[in-house]
Each structure stands twice: as structure tokens, then as C-alpha cells.
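>>> how does the following fold in three dimensions:
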Amino acid sequence: MITIKREMDYDSFEDLIVTALEGGSNYWYMIDLDNSTGFIKKYADDPRPKSIRIADALYNNKDSAVIVLDTEDEEEVLGILTYDSVRKALGNFPSDHQWALDNVLNGDYDANDADVVFQVLVMDDVVYG
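Residues are numbered from 1 along each chain as shown. As a prediction, this is how the structure comes out:
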């Protein structure tokens, strides 16, 4: 086996998160702003869209935790995204969904690919769709 490590710069990460949050994944998730930490206070007066603030927080701030809930059951926590959890998930991406991450890394992806990657980031697997 040959292992190849690739880097994801901030712009690519932001594009991925924005595409997932605003298009690909919005049918299954909700962000729990009341209980998320770090970015809520740091970016409280930031005029940028919420999806960009979330991407910035997860990429640049180790103290941020973004709580992701099930849209059909607002009490069910599907996952908590952090600076570390995002890096761990991307570094250990499941081989059966590697195609989606490859598309993202190559810059040739759509909302479905972003959804698959976001589901893995949140739940370590693809559960919806």
C-alpha cells in the first residue's frame, strides 16, 4: 500500500463547509448555536455568513466546538465538530467514501460530494442519502 498525504488549505476547507452547510447537507442537520462554543463569542459581531464563520472557527480556532443536531429530532446530537475532530476525520477518511474527499481535494466536486464529506466529519460515516 502507498499512503499519500495531501493538505487542504483554508480556502478549500471554507468552500467545502459552505457548500455542505448551504446546499448539500441542509436536509439533515441543524447547528446548535446556543450550546456551541468558541466561535459564537469570537465571531459574535462578525458580519460574514454563519457558514463562513463556522469554517473559519473549525480551521483556525482550537477552542471552537460546533454541535450538530438532527433536523428531525432537535434533541439528538449527531456530532460535535472541533478543530481536532475535523483533522482526525480528514486524516482517517473511510476508504468507501474516499472518492468524495478526492473530488473535494481536486476542486472538482458538487453538493453531494460536500454532503458525504460533511457527514463523515460529523458522524464518521454516511448516514443520510
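>>> OK, contacts around the closest residue to Tyr29 other than its chain neighbours?
Counting by C-beta to C-beta, 6 or more residues apart in numbering, Tyr29 lies nearest to Val68, which is 5.2 Å off, once chain neighbours are set aside. (Glycine included, C-beta is placed from N, CA and C.) Going by C-beta atoms under 8 Å, 6 or more residues apart in numbering, Val68 touches 29-32, 77-81, 122.
>>> may I have the phi/psi pair for Val68?
phi -110, psi 120 (degrees, to the nearest 10).
>>> same question for Ser85.
Per-residue torsions, Ser85: phi -70, psi -40 (degrees, to the nearest 10).
>>> distance check, the closest residue in space to it that isn't next to it in sequence against Val86.
Nearest non-adjacent residue to Ser85, counting by C-beta to C-beta, 6+ apart: Leu121, 7.4 Å away. Per C-beta to C-beta, to the nearest Å, Leu121 is found 6 Å from Val86.
>>> and the two? Which one has more around it.
Leu121 (24 against 20; other C-beta atoms under 10 Å).
>>> next, that one: secondary structure please.
helix (DSSP: H, G, I helix; E, B strand; the rest coil).
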